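1. sequence first, predicted model second:
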Amino acid sequence: MTQQNCKHYRATAKVSVHRGIDGGPRMANVKIRCADCGEPFEFLGVETEGPTDRPSVDVKAQDLRVPIAVRNEVEPKTTKKKIQ
């Protein structure tokens, strides 16, 4: 099937996890492609090449990078904003 006539109904995700460099956070890298034609999906609404403490994407918006941690490594949230 060619990319031009594919409806992109089925997708596959590839996730890899990398340790942070020099004590930085672990990062999950996510890529999603059409399972039929291989066309990459783009992540929307995410900052490009942002800081490592929040999700970001590469310049093509096809590689999502998300900081991750196991539960005992995360500082508990002691304050919550009230929604008004």
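-> Right, received. Where do you want to start? Numbering: from 1, shown residues only.

2. the residue nearest the centre of the chain and residue 73, how far apart?
-> Closest residue to the average C-alpha location of the chain: residue 64 at 2.9 Å, with Cα atoms, centre = their mean. According to Cβ to Cβ, to the nearest Å, residue 64 stands 21 Å off from residue 73. Using the backbone N, CA and C atoms, a C-beta is placed for each residue, glycine as well.

3. same question, residue 22
-> Taking Cβ to Cβ, one finds residue 22 at 16 Å from residue 73.

4. between those two, who's got more neighbours?
-> Set residue 22 next to residue 73 and count neighbours by other Cβ atoms under 10 Å: residue 73 wins out with 9 against 4.

5. what pLDDT does the more buried one get?
-> For residue 73, the model assigns a pLDDT of 73.

6. same question, the one 4 residues further on
-> Residue 77 is assigned a predicted lDDT (pLDDT) of 58.

7. next up, the contacts around the nearest residue to residue 62 once chain neighbours are set aside.
-> In space, and not counting its chain neighbours, residue 62 is closest to residue 40: 4.5 Å by Cβ to Cβ, 6 or more residues apart in numbering. Residue 40 makes contact with 31, 32, 33, 34, 60, 62, according to Cβ atoms under 8 Å, 6 or more residues apart in numbering.
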